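> need a structure here:
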Amino acid sequence: MWELLGKLAKYLWYLWDLWDLFIKKIEFKGSQLLYSDSLYQMMFSKELYSGYGRAELNIDFSNPASIPKQINIGELEYRVSGYQEIEFEHMVLDYILVDKSNRPIAGINFTPITFFLYAINNGNCISSKCCEIRFLGDSDLLDEQNIQFELQPGEVRNIYKFELNSESLVKLFRQNKYSRLYIVLSFENNSKKVSIQFINGRFDFYIGSRGAVSPMNGNIIDLIVDKNFTAHNDKSINFEPHSSKTITFKMFPLVSSEFTLELSYKKKKLCEKQIKVFVPQYCISSLKCKILECDFAAIFMSKNGLTNYLLTDYVDNKDELCQYKSELFLTHQIDE
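From the prediction side, this is the model:
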């Protein structure tokens with residue numbers, strides 16, 4: 001009797017193993033398309049309708065079996081269709097205060113000599129804009145100007161220059177006992193007040209030091225998109241027993257474009273998403289950026305004594321201009 005029950009138990013256990021092996025399969029649990037308006041931001045929002053530089057599609061899978069499972073090489077298919085380029089307009093200002101050596105010094109106070117204001121066409125079409133600049137001694141308005149400019153795609157241009165070491169300006173501050181010079185920039189519903197201290201008969205300014213961004217980790221597949229194509233996973237994706245895993249597709253169009261991404265697993269369609277991404281000319285951190293402070297463009301232009309720069313221009317240290325390249329943001333990582 002006991003021997004018969006033992007054999008039955010082994011048989012049932014064998015059937016359970018077969019059930020785990022052949023019946024319980026990796027399950028698709030859902031997908032979520034996420035955009036960001038920042039090149040470096042870790043968090044993405046599902047409330048945005050387009051991305052800046054990239055888009056992410058998260059695919060959730062689970063393994064309900066009590067044994068390990070895997071998505072084998074070639075079983076996960078991703079197909080891009082309906083690819084077309086779109087227009088992108090994004091103008092940004094970048095200002096800098098430099099000393100007599102024509103460069104800023106980050107992290108310490110220094111005596112500024114010249115104020116430069118640059119415009120950057122970060123989009124892919126010709127763009128015409130206008131900005132306002134005001135100068136104040138404490139609360140007194142000293143001067144006000146409107147500046148109009150038109151730039152080619154990728155063009156960087158010096159649109160305003162102001163000398164702080166002029167005798168008339170220093171004399172005016174001494175006579176009125178002003179303690180601060182304020183330069184107020186207004187551009188596309190954004191404003192920035194630059195505060196420069198006047199002490200002991202000279203102007204004094206501080207530029208903070210710069211930080212860095214840490215790379216992301218995870219189960220990520222990078223997709224460079226510049227046309228319609230079909231591809232498959234080139235590495236197996238392993239699942240522990242009773243586990244879940246999210247596969248992230250990071251999409252990097254080479255130019256501003258929109259397209260459809262369709263995902264299939266073992267020939268079965270999982271989801272289809274409409275993607276729209278605006279691709280910058282330069283590594284300007286966010287689509288929301290309108291006025292930068294002593295950033296790469298202003299530093300590059302002032303250090304090289306340039307008043308105008310086009311993408312076709314040749315300069316020895318062009319890398320310092322931080323032109324956007326999708327390969328700078330690729331992850332190339334799928335967990336084994």
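> does residue 299 count as helix, strand or coil?
The three-state label given to residue 299 by DSSP: H, G, I helix; E, B strand; the rest coil is helix.
> And for it, the neighbour number?
Counted with other CB atoms under 10 Å, the neighbours of residue 299 add up to 20. From N, CA and C alone the C-beta is placed, and that goes for glycine too.
> Could you do residue 99 as well?
Residue 99 has 14 neighbouring residues, counting by other CB under 10 Å.
> Quick check: it touching residue 165?
No: under the criterion of CB atoms under 8 Å, residue 99 makes no contact with residue 165, lying 10.1 Å away.
> Now for these two: what residues contact both?
Common neighbours of residue 99 and residue 165 are listed as residue 113 (criterion: CB atoms under 8 Å, 6 or more residues apart in numbering).
> dump the residue contacts of the one residue sitting closest to the centre of the chain.
Computing the C-alpha centroid of the chain and ranking residues by CA atoms, centre = their mean puts residue 39 first, at 1.0 Å. For residue 39, the contact set (CB under 8 Å, 6+ apart) comprises 52, 53, 54, 280, 283, 284, 285, 286, 324, 329.
> What are the phi and psi values at it?
phi -70, psi -30 (degrees, to the nearest 10).
> For the chain, give me the ranges with low pLDDT.
1-24, 42-43, 101-110, 206-218, 332-336 (pLDDT under 70).
> before we move on, back to that, distance of the residue nearest to the centre of the chain from residue 292?
14 Å (CB to CB, to the nearest Å).
> for residue 200, same thing?
In terms of CB to CB, residue 200 sits 30 Å off from residue 292.
> between those two, who's got more neighbours?
More crowded of residue 200 and residue 292, by other CB under 10 Å: residue 292, with 19 against 6.
> Name the nearest residue to that one, sequence neighbours excluded.
Of all residues not flanking residue 292 in the chain, residue 94 sits nearest, at 4.1 Å (CB to CB, 6 or more residues apart in numbering).
> Please give the centre-to-centre distance between the helix or strand the one you found falls within and its chain.
Using DSSP states H and E, residue 94 sits within strand 91-98. Mean C-alpha position of strand 91-98 versus that of the full chain (CA atoms, centre = their mean, to the nearest Å) differs by 19 Å.
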